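*Asks:* got a predicted model here, sequence first, then my questions.
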Amino acid sequence: MGAMSTAIQRGFDDPVHDSQRAFRAIMAALAEPGLEMALDVPAFVPEPLHPAAATILLTLCDYDTPVHLEGVLAARQGVRDFLGFNTGAPLAAGPAEAAFAVAGYNGGLPDPTQFSQGTAEYPDRSTTLILALGDARPGQAVGLRGPGIADMRTTSLPGIDHAYWRVLANNRAAYPLGIDVIFTMGRRIVGLPRSTRIAIQGG
């Protein structure tokens, strides 16, 4: 691999300290569902990957975590090279085999049931979905309850309407099975662990 290719694919400038700082921010987002958190991001991020999504992949992925890339991402050699060079994570054979899935780049919102839900013996073997929100349309507000929330937290996310919130509410119904979701918006993230209950106005 030539020097130019290596430079293009580089991740964190200081992998140890940068990943530690990012890990704390990601865990804070999952511990406080619905709150936005800012992430430090790599100097280079291959298009069209969100900077925050790149940070999550660099921080959480390794040789033992198969990654599912949505179609438009999987078709980008630069994205595949970035993931492989910096993390060693293999591409999953399909969504159900993925430890992490990166979606939202095809212009739609994925069905959570296509991903691994975990098992009764190993619920932690479910997929973590890294979902890009690029829609400028304001989302519809919902209430969140559960661990990390004192009473109820109201939140809305770009492009997420009540119909998709209901899809995510069904994911919660299978707890402790189900997926965890990390929404990315440029350099910001919002966590939605499977333990969070979603209250939708009028339903």
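*Replies:* Done, it's in.

*Asks:* got the phi/psi numbers for the spatially closest residue to H50 that is not a sequence neighbour?
*Replies:* Distances taken as CB to CB, 6 or more residues apart in numbering put T184 closest to H50, at 4.4 Å, once the chain neighbours are dropped. To be clear about C-beta, it is placed using only N, CA and C from the backbone, and glycine gets the same treatment. The phi/psi pair for T184 (degrees, to the nearest 10) reads phi -120, psi 140.

*Asks:* equivalent analysis for A38, please.
*Replies:* Residue torsions, per degrees, to the nearest 10, at A38 are phi -90, psi 140.

*Asks:* strands of the chain, start to end?
*Replies:* Under the criterion DSSP state E, the chain contains strands at 36-38, 67-69, 100-103, 128-132, 142-145, 153-155, 180-185, 188-192, 197-199.

*Asks:* turn those strands into a markdown table, columns for distance to D81, mean neighbour count and mean pLDDT.
*Replies:* Shown next, in a markdown table, are the strands of the chain (distance: least, CB to CB, whole Å; neighbours: other CB atoms under 10 Å; pLDDT from 0 to 100):
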| stretch | distance to D81 | mean neighbour count | mean pLDDT |
| --- | --- | --- | --- |
| strand 36-38 | 27 | 15 | 95 |
| strand 67-69 | 12 | 24 | 98 |
| strand 100-103 | 15 | 26 | 98 |
| strand 128-132 | 18 | 25 | 97 |
| strand 142-145 | 37 | 19 | 97 |
| strand 153-155 | 35 | 16 | 96 |
| strand 180-185 | 20 | 22 | 97 |
| strand 188-192 | 24 | 23 | 97 |
| strand 197-199 | 37 | 17 | 96 |
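
*Asks:* of all those, which lies closest to Q77?
*Replies:* strand 67-69 (11.5 Å; CB to CB).
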